[in-house]
Structure formats: structure tokens, C-alpha cells
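S.K.: Sequence first, predicted model second:
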Amino acid sequence: MKAIWKGQVLAESEETVVVESNHYFPSSSINKEYFIQSDTKTHCPWKGEASYYSIVFAGEENKDAAWYYQSPKEAAKEITGRVAFGRGVEVTD
């Protein structure tokens with residue numbers, strides 16, 4: 001699987017985990033040069049607190065386009081150490 005925004009590969013892995021139709025990529029598979037930490041936090045009743053990254057590429061920013069659960073609840077432990085994408089980031093095989 002690949003996560004792509006504006007033609008740039010943000011992450012690539014054969015070991016994604018799918019939760020609620022989102023592919024969670026291993027943190028080690030993301031191209032960290034395109035990610036900046038966001039202050040945004042959200043809460044999911046069964047996964048826990050999500051933190052976000054904004055994507056920066058070619059002078060453009062896609063705010064809060066990637067998220068992760070630092071310490072997910074037990075029901076979502078399989079996404080520990082993984083990052084998912086939204087906001088126009090294409091995930092494809």
C-alpha cells in the first residue's frame with residue numbers, strides 16, 4: 001500500500017492494518033521529512049486519543065492529514081505505532 005499526496009509518496013508498506021476502512025501504516029514506513037506535528041487532538045470512544053500530523057510538500061500544507069494513537073485503548077492495540085491518512089491523501093495498492 002502507498003499513501004500519496006500531490007504525487008509524492010508519503011508512506012509505503014505491505015503491512016498495513018485496516019480499521020474503519022483506514023489503512024494504518026507502520027510509523028517506520030512514513031517519509032518523515034513531509035510530516036510536522038500538529039497540536040490537534042481528537043477522542044474516539046473505543047480507540048482513545050488521536051494526535052495529528054500536517055503534511056508539507058512543494059510549499060503546500062495539508063493540515064491534520066495524518067493521525068495516530070500514541071496509546072490506543074486495548075480494543076485498538078493493533079494500531080499502536082501506526083499512522084493513517086485522510087484529507088485528500090490517496091491510499092492505494
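M.R.: Looks like it came in fine. As the structure is a prediction and not an experimental result, all values here were calculated from the model. Residues are numbered from 1 along each chain as shown.

S.K.: so how many other residues sit close to the closest residue to Ser29 other than its chain neighbours?
M.R.: Among residues not flanking Ser29 along the chain, Ser13 sits closest, at 3.9 Å (Cβ to Cβ, 6 or more residues apart in numbering). C-beta here means a position set from N, CA and C on the backbone, and glycine is covered the same way. Ser13: 18 surrounding residues under other Cβ atoms under 10 Å.

S.K.: And for Val83?
M.R.: A count of nearby residues for Val83, using other Cβ under 10 Å, gives 27.

S.K.: Now for it: which residues touch it?
M.R.: Taking Cβ atoms under 8 Å, 6 or more residues apart in numbering, we find Val83 in contact with Ala11, Tyr24, Phe25, Pro26, Ser27, Ile30, Tyr53, Ala66, Trp67, Tyr68.

S.K.: Quick check: bridge partners of the third one?
M.R.: Counting by DSSP bridges, Phe25 is bridged to Val83.

S.K.: For burial, what's the neighbour tally of it?
M.R.: As a burial measure, Phe25 scores 26 neighbours (other Cβ under 10 Å).

S.K.: Make a markdown table from the contacts of Val83 and add pLDDT and distance to Lys47 to it.
M.R.: Shown next, in a markdown table, are these (pLDDT from 0 to 100; distance: Cβ to Cβ, whole Å):
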| residue | pLDDT | distance to Lys47 |
| --- | --- | --- |
| Ala11 | 98 | 19 |
| Tyr24 | 98 | 10 |
| Phe25 | 98 | 16 |
| Pro26 | 98 | 17 |
| Ser27 | 98 | 16 |
| Ile30 | 98 | 19 |
| Tyr53 | 98 | 17 |
| Ala66 | 98 | 15 |
| Trp67 | 98 | 10 |
| Tyr68 | 98 | 10 |
